[in-house]
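Trainee: Build the 3D model from these lines:
(4 chains)
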Number of protein chains: 2
Amino acid sequence: MTAIARAAAEFPRLVSLDALRTHCADCSMRELCLPLGLAPSDVDALDSIVQKRVKVRKGEPLFRHGAPFTALFAVRVGSFKTTVVTDDGREQIAGYHLPGDILGLDGVGSEQHASEVTALELSEVCTIPFAQLEDIAHQVPTLQHNLHRILGREINADHRLLLLLGSMRAEERLAAFLLSLSERYARLGYSPTDFVLRMTREEIGRYLGLKLETVSRLFSRFAAEGLIKVRGRTVQIVDMVMLKQLIGGH
Amino acid sequence: MTAIARAAAEFPRLVSLDALRTHCADCSMRELCLPLGLAPSDVDALDSIVQKRVKVRKGEPLFRHGAPFTALFAVRVGSFKTTVVTDDGREQIAGYHLPGDILGLDGVGSEQHASEVTALELSEVCTIPFAQLEDIAHQVPTLQHNLHRILGREINADHRLLLLLGSMRAEERLAAFLLSLSERYARLGYSPTDFVLRMTREEIGRYLGLKLETVSRLFSRFAAEGLIKVRGRTVQIVDMVMLKQLIGGH
DNA sequence: CGCGCCGTTGATATTATTCAAGACCAGTGG
DNA sequence: CCACTGGTCTTGAATAATATCAACGGCGCG
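Mentor: Sure, this is the predicted structure:
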């Protein structure tokens, strides 16, 4: 593991204290977020409604199940989980979110959030009031189009998870999970092979539709088979090819 | 050949397109579909881009996995399924669709459809070219808002299915499936207790993440317990209360 | 009438869960 | 500095749930 990759994985980004407002134009997530492809003047328009950064501490909710839907959130720093619950309290984690991701999309379909978003570590988001976003999107076709694409990509991500939950065996699920994290970290400029999980075994299980013991056993087995190295939440992918072959190996 | 291509081939030019046009204003699905809450003049604007009805025969695809995304479709008559597939060919059914539902939302996130939609019986859809829909939505805020809500509701529906697949036992899944169908038929003005399934046991299984034998056994068991009556695909819900209690009964 | 798909049911195998015990690890206070 | 504590993680053994394999019945359609 390189020092840079390790540092990036282990420490949340430092936040400069002097900037009170978020400026999309300066944001390192610009190209992964809503402003993608916008003209500078349109980025300013978007900027004007984006409220200043909000810090969320580890374990704290950004919004709760049933809360009124007023805004979307863009992850700047840190990571989050989205959970859905049954009437009798069982939970399913519908997604893990990294910088650049947009949170709260589940509220777009109704007046209330059907899910709950919680920080997995000290994190930071930009708040984007939805009514105002719709107004500006109405004037800026590219922004409207970006919003559509973000909603559409959420649907695609959910479909991939449905496929995983509905048709894959436990070992395939975990392999797919690790590979998906790898890919996402790579896209953010981090190491695709070395990273630190931000969630517990139980949370991984609630995402993959498995019990925590099953997840733990699989980590041990993957390590014994030389596919990965694990030490607690630190994971190193040793044999990416085999891991990929594992999916679809019936 | 997809249904659209066939329709284009089958209707010669001498047939007046106007006569074949769908008019949202007259459509019985008006209040369940995109035009909801639109002023009459705005309905006309939407009408102007909605292409003539397309018939899709049983088992035929409306569009295939990987096909370029150009349009959304509104179900007028009949029913459809949306399927997602793994690289190695395993399928998951992500949704069943009834009149008033909008199909093809999975394409909004990219240039191509990630899923495939197939008719379960002789069905009929309206084709809504997406680029033109975005244009009109740009002029009609209510329509833009409706589009957002439709995308958002798809996310909510997917989340409910994730919850089902990730956290429910087989019997709970089937009960939830039957209750969800019941509710949707009721909303369409049909009986909430008596309906005919349009899909095979295997398709139900691919939706619920179960094998067809398991689905069949559960139907038999529910019938033996007096919850439902089954004859082939004809289902009658006898004890709605018990069926609801079954979910979350662990 | 017969063929093919669909559905049911039984016996068995497999997979993942449950229950249980203990190890590890970081933080805390004596 | 060390023991203590609570949460997390690992591992084993027994159990439960669902899948698999297999046979057969039935219905609808050509």
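
Trainee: Beta-bridge partners for the one residue sitting closest to the centre of chain A, please?
Mentor: Chain A has A:H97 as the residue nearest its centroid, 1.1 Å off, counting by C-alpha atoms, centre = their mean. Counting by DSSP bridges, A:H97 is bridged to A:F80.

Trainee: Check for me that A:Q92 belongs to a helix.
Mentor: No. Using DSSP: H, G, I helix; E, B strand; the rest coil, the assignment for A:Q92 is strand, not a helix.

Trainee: Tell me which residues touch A:F177, please.
Mentor: By C-beta atoms under 8 Å, 6 or more residues apart in numbering or on different chains, A:F177 lies in contact with A:I204, A:Y207, A:L208. Every C-beta, even on glycine, is put in place using the N, C-alpha and C of the backbone.

Trainee: hang on, the earlier thing: distance of the residue nearest to the centre of chain A from DNA strand D?
Mentor: 19 Å (C-beta to the nearest atom of the strand, to the nearest Å).

Trainee: can you check A:R90 too?
Mentor: 13 Å.

Trainee: what about that residue, neighbour count?
Mentor: A:R90 has 16 neighbours, counted by other C-beta atoms under 10 Å in any protein chain shown.

Trainee: I'd assumed B:R169 was in contact with it.
Mentor: No. Counting by C-beta atoms under 8 Å, no contact exists between A:R90 and B:R169, whose distance comes to 10.5 Å.

Trainee: for chain A, what are the low-confidence residue spans?
Mentor: A:1-22, A:249-250 (pLDDT under 70).

Trainee: Taking helix B:141-167 as reference, get the angle to the biggest helix by length in chain A.
Mentor: Counting residues, the longest helix in chain A under DSSP state H turns out to be helix A:141-167. If you take axes from the mean of the first three to the mean of the last three C-alpha atoms, to 10 degrees, helix A:141-167 sits at 20 degrees to helix B:141-167.

Trainee: tell me how far helix A:141-167 is from the chain's mean position?
Mentor: 13 Å (C-alpha atoms, centre = their mean, to the nearest Å).

Trainee: Now for A:L212, how many residues are close by?
Mentor: 14.

Trainee: cool, and A:E60?
Mentor: A count of nearby residues for A:E60, using other C-beta under 10 Å, gives 12.

Trainee: If the nearest residue to it once chain neighbours are set aside is in a bridge, with which residues?
Mentor: Spatial nearest neighbour of A:E60, excluding adjacent residues (C-beta to C-beta, 6 or more residues apart in numbering or on different chains): A:A119 at 5.5 Å. Beta bridges link A:A119 to A:F80 when assigned by DSSP bridges.

Trainee: now A:S180: how far from A:A114?
Mentor: Distance, A:S180 to A:A114, by C-beta to C-beta, to the nearest Å: 23 Å.

Trainee: So the two - more neighbours on which side?
Mentor: Higher neighbour count among A:S180 and A:A114: A:A114, with 23 against 15, using other C-beta under 10 Å.

Trainee: isn't there a helix covering A:L210?
Mentor: No. Going by three-state DSSP, the assignment for A:L210 is coil, not a helix.

Trainee: Okay, strands next: where are they in chain A?
Mentor: A:51-56, A:61-63, A:71-77, A:80-85, A:91-97, A:102-103, A:116-119, A:123-129, A:194-196, A:228-231, A:234-237 (DSSP state E).

Trainee: Including distance to A:P141, could those strands go into a markdown table?
Mentor: Formatted as a markdown table, these follow (distance: least, C-beta to C-beta, whole Å):
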| stretch | distance to A:P141 |
| --- | --- |
| strand A:51-56 | 24 |
| strand A:61-63 | 29 |
| strand A:71-77 | 19 |
| strand A:80-85 | 29 |
| strand A:91-97 | 27 |
| strand A:102-103 | 19 |
| strand A:116-119 | 29 |
| strand A:123-129 | 18 |
| strand A:194-196 | 37 |
| strand A:228-231 | 45 |
| strand A:234-237 | 41 |
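
Trainee: wait, which of these is closest to DNA strand C?
Mentor: Proximity to DNA strand C (C-beta to the nearest atom of the strand) singles out strand A:228-231 among those, at 7.4 Å.

Trainee: Surely A:G100 is in contact with A:L34?
Mentor: No. Contact status for A:G100 versus A:L34: not in contact, 9.7 Å apart, counting by C-beta under 8 Å.

Trainee: burial measure for A:I136, as a count.
Mentor: For A:I136, the count of nearby residues is 17 (other C-beta under 10 Å).

Trainee: What sits closest to it if chain neighbours are left out?
Mentor: Among residues not flanking A:I136 along the chain, A:A45 sits closest, at 5.4 Å (C-beta to C-beta, 6+ apart).

Trainee: Would you quantify the distance from the one you found to B:S180?
Mentor: From A:A45 to B:S180 the distance is 41 Å (C-beta to C-beta).

Trainee: Ok, A:E172 next?
Mentor: Distance, A:E172 to B:S180, using C-beta to C-beta: 27 Å.

Trainee: phi, psi of A:P35?
Mentor: With angles defined as degrees, to the nearest 10, A:P35 sits at phi -70, psi 0.

Trainee: Show me the contact partners of stretch A:27-40.
Mentor: A:24-25, A:42-43, A:46, A:74-76, A:99-100, A:102, A:128, A:140, A:142-143, A:146-147, A:150, A:187-188.

Trainee: out of those residues, which are buried?
Mentor: Buried subset of the contacts of stretch A:27-40 (neighbour count, 16 or more other C-beta atoms under 10 Å in any protein chain shown): A:24, A:42-43, A:46, A:74-76, A:99-100, A:102, A:128, A:140, A:143, A:146-147, A:150.

Trainee: which of the residues you listed sit farthest apart?
Mentor: A:P99 and A:V140 (23.4 Å; C-beta to C-beta).

Trainee: and chain A, which residues reach DNA strand C?
Mentor: A:R169, A:A170, A:E171, A:G209, A:L210, A:K211, A:E213, A:T214, A:R217, A:G232 (C-beta under 7 Å from any atom of the strand).

Trainee: Counting only helices, which of these make the cut?
Mentor: Among the residues of chain A next to DNA strand C, DSSP H puts A:A170, A:E171, A:E213, A:T214, A:R217 in helices.

Trainee: Who are the contact partners of the second one?
Mentor: Translated: A:E171. Per C-beta under 8 Å, 6+ apart, neighbours of A:E171: A:L218, A:R221, A:F222, A:L246.

Trainee: Could you report the neighbour count for the second one?
Mentor: Going back to what we said before, that points to A:R221. Neighbours of A:R221 under the rule other C-beta under 10 Å: 13.
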